[in-house]
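>>> Let me see the structure of the following:
(one chain, ligands or ions: 2)
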Amino acid sequence: MSHEPIIGIDLGTTNSLVAICDAQGPRTIPDRSGSPLVPSAVRYAQGTTVVGADARRDATAHPRHTVLSVKRLMGRSLAEVGADLPFLSYAVEAGPRGTCRVRLPGDPGAADLVLSPEEVSAAVLRHLKLLAESHLGREVRKAVITVPAYFDDAQRQATRTAARLAGLEAVRLVPEPTAAALAYGLGLSSADRTPRHVAVYDLGGGTFDISILRLTPAEGEDPFFFQVLAVGGDTRLGGDDADHLVADLFRREILARTGAAPAPESTQGLISLAEQVKIRLSEHETAPVRIDLGPAGVYERTLTRAEFESLITPLVDRTIDRCRIALASAETELAGKPLDAAVLVGGSTRIPLVRRRVGECFNLEPYTALDPDQVVALGASVQAAVLSGDRRGTLLLDVIPLSLGVETVGGAVAKVIMRNTPVPARATEMFSTSVDNQTAFRLTVFQGEREMAADCRRLGEFHLRGLPPMPAGIPQLEITFLVDANGVLGVSALERRSGRRASMQVIPNHGLTPEEVDRIEQESVTHAREDMTRHRIVDLIANSNLDLKWIGERFDRFSGELPPPERDSLSACMTRLRGLVARATADWKGVAPDELHQAKESLDRASVRLQEISIAASLRGSTARPG
Ligand code: ADP
Ligand code: MG
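Ligands and ions are numbered 1, 2, ... in the order given. A predicted model of the protein is given here:
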């Protein structure tokens with residue numbers, strides 16, 4: 001990047017992030033701890049200003065010195081923020097011309113600190129600017145900053161002022177839902193000029209926003225034109241409420257079991273614990289809870305996902321009601337057309353119940369391919385790249401540039417959608433297990449033209465769990481790949497006998513430049529012959545192993561019923577195939593595929609008689625077995 005960089009910033013109520021978009025595509029910039037999430041927390045004490053994770057972590061120890069959620073105060077008067085004040089740990093008072101000010105106790109002997117919300121936000125922005133500068137190794141002076149769709153002129157102006165105080169020019173303020181849509185490349189499609197309608201559901205720490213957008217591809221500086229058709233939400237509803245509900249449950253149970261309520265000073269600790277439990281339940285079915293109450297004993301229980309879900313159902317219901325209202329008010333504009341996508345934003349949309357309910361409400365599988373914490377910042381950086389005249393890092397697709405598939409036994413890739421298939425595309429393949437009583441199945445999704453997984457690009461993996469134990473080869477796994485018009489790939493797995501399902505979403509071309517696509521394709525040509533052989537060998541090994549297992553089991557039971565010459569030749573065939581499989585497993589070049597193929601065929605032929613005997617025995621067994 002030669003010209004001046006423009007960074008993208010998501011200035012959030014709970015967390016803020018900075019991202020950059022170049023030829024590699026959009027990406028967030030992590031801080032020293034490796035996380036791109038910078039808590040929007042600023043501590044003013046001992047003459048220094050501490051921003052981010054440290055300030056958040058120690059907020060309970062310094063409640064009156066730490067400013068959290070300052071975004072709620074931006075551009076508003078004291079009267080307007082009245083309802084927020086009980087939730088803020090620091091003092092807020094009236095400033096000049098109806099603005100508000102934060103008052104923090106000064107260091108001993110010094111006067112109180114009185115700060116405008118813009119100054120506090122500037123501290124967060126400065127921190128993000130420094131992160132970007134040390135990452136890029138050069139000065140950064142310009143940024144695209146996101147704001148909620150409902151921010152009025154005063155709130156936008158305050159955001160611009162905060163940027164200026166931080167030494168950044170806010171070249172554009174972009175509504176958060178628009179940024180989220182941009183991160184997915186929605187509205188950027190080259191050929192297709194029809195407008196897209198998108199719902200953006202954003203559930204953060206303390207706020208909920210729903211927006212319905214129309215994106216119309218356009219000419220000129222901006223590749224699209226967007227309209228907000230409806231906004232709605234609740235500025236006092238978010239993940240924090242879920243934490244409080246869980247903490248309340250703990251408190252009630254502690255009271256019931258010990259007869260004493262937990263001390264008020266333990267409230268913050270309980271809430272932090274509740275948040276950890278909540279986050280665990282997004283990934284796991286249960287979360288263990290253990291609180292040492294000192295002399296009162298130990299409070300111990302396991303919270304299940306089902307219990308958590310019933311606890312937060314009223315919260316989720318409230319968000320869904322708002323979604324329905326927003327949909328209704330966009331009704332005339334939508335004119336009966338269905339939505340094209342529902343995008344999930346905000347850390348709280350990791351909660352599986354939220355994903356389910358949003359999917360049902362909009363009758364769409366919601367977009368989850370991008371990290372919901374990062375979507376807004378990524379989108380801001382895409383807008384920044386467009387404004388700085390950088391080539392957009394994202395690929396414009398009308399066809400799928402590289403094949404997509406899943407890894408099979410032995411490390412080969414079974415292609416499900418071939419390259420150059422036009423989007424949208426859908427394909428289904430059937431698979432089964434290779435081991436008896438397999439109750440979980442790992443699906444790893446790959447992209448590329450090579451035959452072996454190790455030579456392809458790994459896009460992600462997910463697990464299908466809870467399958468009933470069945471012999472190898474019996475489960476019927478239906479794997480569906482769906483690439484929609486925006487290039488988002490959804491992979492879903494269904495085990496047909498048990499009805500178990502699992503799925504994931506990715507953006508296959510995220511972080512790939514057109515040059516890389518060309519190189520990957522070129523490599524497949526170079527290695528074509530060798531790759532084909534290797535794929536054939538691993539498939540032969542997998543199938544031979546299944547045969548050897550099946551025939552071996554029957555041989556052990558029924559070989560006595562075979563005429564000795566047949567028994568000996570069958571045994572010889574097994575030994576020979578076993579030997580070849582062992583050699584091929586150790587080194588795939590060690591065996592010619594035809595040799596392995598012939599050995600497998602010979603075994604199949606030699607085992608015909610054994611199979612007949614075994615079928616006859618199983619028929620006898622099923623009719624003659626005593627009651
Ligand atoms: P904001 O936009 O308000 O700054 P975020 O989008 O960063 O907020 O969301 C923060 C919220 O997301 C917090 O309540 C946090 O507990 C919640 N959260 C983060 N990760 C998870 C998770 N894996 N499961 C459930 N909630 C989560
Ligand atoms: Mg946010």
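
>>> By proximity to ligand 1, which residue of the stretch 1-150 of the chain wins?
Nearest residue of the stretch 1-150 of the chain to ligand 1: residue 12, at 2.8 Å (CB to the nearest ligand atom). Where C-beta positions appear, they are placed from N, C-alpha and C, glycine not excepted.

>>> Contact partners for that residue?
Residue 12 sits next to 40, 71, 204-205, 376 when contact means CB atoms under 8 Å, 6 or more residues apart in numbering.

>>> residues from the protein in reach of ligand 1?
Contact residues, the chain versus ligand 1 (CB under 6 Å from any ligand atom): 12-15, 204-207, 238-240, 275, 278-279, 282, 346-348, 350-351, 373.

>>> Of the residues you listed, which belong to strands?
Among these, DSSP state E puts residue 15 in strands.

>>> Kindly state the beta-bridge partners for residue 41.
residue 68 (DSSP bridges).

>>> burial of it, as a residue count?
26 (other CB atoms under 10 Å).

>>> hang on, it packs against residue 62?
No: if you go by CB atoms under 8 Å, residue 41 and residue 62 don't touch, sitting 10.3 Å apart.

>>> Give me the secondary structure label for residue 486.
Following DSSP: H, G, I helix; E, B strand; the rest coil, residue 486 is assigned to coil.

>>> nope, residue 186 is what I was after
When classified by three-state DSSP, residue 186 comes out as coil.

>>> got a list of what it touches?
196, 198, 215, 340-341, 343, 486.

>>> Per-residue pLDDT of it, please?
What the model reports for residue 186 is a pLDDT of 79.

>>> What of residue 79?
On the pLDDT scale, residue 79 is placed at 90.

>>> which SS state does it fall under?
On the basis of three-state DSSP, residue 79 is classed as coil.

>>> what about it, distance to residue 100?
For residue 79, the distance to residue 100 (CB to CB, to the nearest Å) stands at 9 Å.

>>> cool, and residue 516?
The value you get for residue 516 to residue 100, if CB to CB is used, is 50 Å.

>>> Please identify which of those two sits among more neighbours.
More crowded of residue 516 and residue 100, by other CB under 10 Å: residue 100, with 21 against 17.

>>> Bridged to that one, which residues?
Assigned bridge partners for residue 100, using DSSP bridges, are residue 94.

>>> For it, give me its contacts.
73, 76-78, 81, 92-94, 117.

>>> what does residue 597 give?
By CB under 8 Å, 6+ apart, the contact set of residue 597 is residue 540.

>>> tell me which element it is part of?
Per DSSP states H and E, residue 597 falls inside helix 593-606.

>>> other SSEs contacting whatever helix or strand residue 501 lives in?
Residue 501 belongs to strand 500-506 when assigned by DSSP H and E. Contacts defined by 3 or more CB pairs under 8 Å, 6 or more residues apart in numbering; DSSP states H and E place strand 500-506 against strand 441-447, strand 457-464, strand 489-495.

>>> Just send those strands back as TSV, with mean neighbour count and mean pLDDT too.
Shown next, in TSV, are these (neighbours: other CB atoms under 10 Å; pLDDT from 0 to 100):
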stretch	mean neighbour count	mean pLDDT
strand 441-447	21	94
strand 457-464	16	93
strand 489-495	20	94
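
>>> List, one by one, the residues from the stretch 201-350 of the chain near ligand 2.
When proximity is defined as CB under 5 Å from the ion, the stretch 201-350 of the chain approaches ligand 2 at residue 204.

>>> what sits against the residue of the stretch 501-627 of the chain found nearest ligand 1?
Relative to ligand 1, the nearest point of the stretch 501-627 of the chain is residue 504 (15.3 Å; CB to the nearest ligand atom). By CB under 8 Å, 6+ apart, the contact set of residue 504 is 368, 445, 460-462, 490-491.

>>> give me that answer again for 6 Å
If you count contacts by CB atoms under 6 Å, 6 or more residues apart in numbering, residue 504 has them with 460, 462, 491.

>>> Quick check: of these, which lies closest to residue 288?
The nearest member of the contacts of residue 504 to residue 288, counting by CB to CB, is residue 462 at 24.2 Å.

>>> For the residue nearest to that closest one when sequence neighbours are not counted, report the pLDDT, please.
Excluding the flanking residues, the one nearest residue 462 by CB to CB, 6 or more residues apart in numbering is residue 504, at 4.3 Å. Note on residue 504: pLDDT of 93.

>>> any idea how far residue 504 is from residue 555?
From residue 504 to residue 555 the distance is 42 Å (CB to CB).

>>> How about residue 277?
Residue 277 is 53 Å from residue 555, by CB to CB.

>>> higher neighbour count, these two?
Ranked by neighbour count (other CB under 10 Å), residue 277 and residue 555 place residue 277 first, with 22 against 18.

>>> need the contact list for that one.
So residue 277 contacts 246, 287, 303 (CB under 6 Å, 6+ apart).

>>> so residue 347 sits right up against residue 371, yeah?
No: applying CB atoms under 6 Å as the test, residue 347 and residue 371 come out as separate, 9.3 Å apart.

>>> Please identify which of those two sits among more neighbours.
A count of neighbours by other CB under 10 Å puts residue 347 above the other of residue 347 and residue 371, at 20 against 17.

>>> Enumerate every residue touching the more buried one.
Counting by CB under 6 Å, 6+ apart, residue 347 makes contact with residue 373.

>>> try 7 Å
204-205, 239, 372-373 (CB atoms under 7 Å, 6 or more residues apart in numbering).

>>> Now do stretch 56-74: distance to the chain's middle.
Relative to the centre of its chain, stretch 56-74 is centred 28 Å away, using CA atoms, centre = their mean, to the nearest Å.

>>> ok, now stretch 531-542?
Computed by CA atoms, centre = their mean, the chain-centroid distance of stretch 531-542 equals 33 Å.

>>> outside of it, which residues touch it?
409-412, 434, 450-452, 581, 584-585, 588, 591, 593, 596-597, 600.

>>> now with 10 Å?
The contact list for stretch 531-542 (CB atoms under 10 Å, 6 or more residues apart in numbering) reads 408-414, 434, 449-453, 455, 523-524, 527, 577, 580-582, 584-585, 587-597, 599-600.

>>> Would you indicate which residues of that stretch are buried?
Residues of stretch 531-542 classed as buried: 531, 534-542 (neighbour count, 16 or more other CB atoms under 10 Å).

>>> Next: stretch 447-455.
Those would be 447-453, 455, for stretch 447-455 by 16+ other CB under 10 Å.

>>> can you pull the pLDDT of the residue nearest the centre of the chain?
Closest to where the C-alpha atoms of the chain average out (CA atoms, centre = their mean) is residue 371, at 4.4 Å. Residue 371 carries a pLDDT value of 95.

>>> Just want the phi and psi numbers for it.
phi -60, psi 120 (degrees, to the nearest 10).

>>> My understanding was that it contacts residue 35; is that so?
No: in terms of CB atoms under 10 Å, residue 371 does not count as a neighbour of residue 35; the distance is 11.0 Å.

>>> and for the two, which residues touch both?
Any residue near both residue 371 and residue 35 by CB under 10 Å, 6+ apart counts here, and that gives 17, 28.

>>> Name the single longest helix found in this protein.
helix 528-558 (DSSP state H).

>>> Where does residue 8 sit: helix, strand or coil?
strand.

>>> Distance of it relative to residue 227?
Counting by CB to CB - residue 8 and residue 227 are separated by 21 Å.

>>> which of those two has more neighbours?
Set side by side, residue 8 and residue 227 show more neighbours around residue 8, with 33 against 13, by other CB under 10 Å.

>>> Which residues are in contact with the more buried one?
17-21, 26, 28-29, 128, 132, 143-146, 172, 174, 179, 182-183, 376-385.
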